[in-house]
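Trainee: let me see the structure of the following:
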Amino acid sequence: MIICLIMEVDIFELLKLNFLGLNFALHEQSLLILYGEGFAYLFLTLGLLLLVGGIKSWKVGITCFSLFSIAISIRPNLLVFVGILSAVYFFLPVFSNQNKKNKFIDLLGLSPLLLIPVHNLYFGHKFVLLTTASTIAENMPLTPKM
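Mentor: Reported below is the predicted structural model:
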């Protein structure tokens, strides 16, 4: 609820902090015109809300990490953040006091991400973890080789 209020008020614009990349109005507009990035951050936010609320059962845990996997499949750059968050969740008693077995079951919500390399292997005939879009010269003004 607080995030929705911040997005509506856009306090970062009032404080002139948009140069930090905290312009939620752009994410809101991209969501309204059905661009994928807005949906990715929406699913990431919903998963974070479930995670911070505390995971009491395996259904909530799988739902939380499934939302994370949808966000990663839309925006692969979120894999680093969710990977670190998942490691913290599994090894530290921060978001849940469950045992390791139950936490591992919760992390099975990330298993749909395994469909991406299988798809790339089957249809592209080579193993690609998530994407190779950063190596396509037409996608960037400067290629990674430059």
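Trainee: switch to C-alpha atoms for all contacts and neighbour counts from now on
Mentor: Will do.
Trainee: give me the mean pLDDT for whichever strand or helix holds L115.
Mentor: Using DSSP states H and E, L115 sits within helix 115-124. Helix 115-124 shows a mean pLDDT of 87.
Trainee: buried ones in it?
Mentor: 116-120 (16 or more other CA atoms under 10 Å).
Trainee: residue contacts, the residue positioned nearest the centre of the chain?
Mentor: Nearest to the geometric centre of the chain sits A71, at 4.0 Å (CA atoms, centre = their mean). Residues counted as contacts of A71 (CA atoms under 8 Å, 6 or more residues apart in numbering) are 39-44, 78.
Trainee: go on, L79?
Mentor: I72.
Trainee: could you pull out the helices in the protein for me?
Mentor: In the chain, the helices defined using DSSP state H lie at 2-9, 11-14, 24-32, 36-52, 58-74, 79-91, 100-107, 115-124.
Trainee: most tightly packed of those?
Mentor: helix 58-74 (a mean of 22; mean count of other CA atoms under 10 Å).
Trainee: can you give me the angle that one makes with helix 100-107?
Mentor: 40 degrees (axes from the mean of the first three to the mean of the last three CA atoms, to 10 degrees).
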